[in-house]
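Engineer: missing the sequence, but the structure's below:
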Ligand SMILES: O=C(O)CCC(=O)C(=O)O
Ligand SMILES: [Fe+2]
């Protein structure tokens, strides 16, 4: 029962992500079937997050500041709150609304759009009293997909998802941080 609900949710999130990705691509000269060709339901993933209450929220994050490694992320959250986005150098709290979805741009859309869309840095603040739940659907291409900027001059070297992931693994090992798209700047 739980499993089939989650599977159904993933199918719907995939459908929505593809539509949104296509919509955002319209004025960028990206082929209409780009996402259909490069993404499959099995290349994307759904992560269920549980944030236990934390007695020392000022010393601990729910999730440390990061950008997502994907085209788009669709987040569904409960009423607790804690998600923050970095805007103009400041952290802005996202008002929790269990009836709404939060859609974030990820690294791959920033690269594909040649910086027109920005992969948003975000984090989750821990809550002292209440546990929090969220579900994040990461809309991703297959590992072999080569991501190339849609306009010239390109800000980024082209790279495959596989290369990008391997670079992250190296950087996390060496620095504790994923570093991300700045590694691929030209
Ligand atoms: O829990 C949230 O609201 C966001 C989760 C998130 O950023 C992630 O899983 O990458
Ligand atoms: Fe995230």
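Structural biologist: Structure received. Just so we're clear, the structure is a prediction, and the values are computed from it rather than from any experiment. Ligands and ions are numbered 1, 2, ... in the order given.
Engineer: For ligand 1, give me its nearest residue in this protein.
Structural biologist: residue 134 (3.3 Å; CB to the nearest ligand atom). Placement of C-beta: from N, CA and C, glycine included.
Engineer: Tell me the buried residues in the helix or strand containing that residue?
Structural biologist: Under the criterion of DSSP states H and E, residue 134 resides in strand 132-139. Within strand 132-139, the residues scored as buried using 16 or more other CB atoms under 10 Å are 132, 134, 135, 136, 137, 138, 139.
Engineer: So which elements touch that strand?
Structural biologist: Packed against strand 132-139 by the contact rule (3 or more CB pairs under 8 Å, 6 or more residues apart in numbering; DSSP states H and E) you find helix 2-25, strand 45-51, strand 72-77.
Engineer: Quick check: neighbours of it in the sheet, parallel or antiparallel?
Structural biologist: Sheet pairing for strand 132-139, assigned by DSSP bridges, gives strand 45-51 (antiparallel), strand 72-77 (antiparallel).
Engineer: what's in contact with the last one?
Structural biologist: Looking back up the chat, that one is strand 72-77. Applying CB atoms under 8 Å, 6 or more residues apart in numbering, the contact partners of strand 72-77 are 13, 16-17, 20-21, 83, 96-98, 101-106, 109, 132-139.
Engineer: The strand holding residue 134 vs helix 2-25, what angle?
Structural biologist: Calculated by axes from the mean of the first three to the mean of the last three CA atoms, to 10 degrees, strand 132-139 forms an angle of 50 degrees with helix 2-25.
Engineer: any idea of the mean pLDDT in strand 132-139?
Structural biologist: Strand 132-139 comes out with an average pLDDT of 98.
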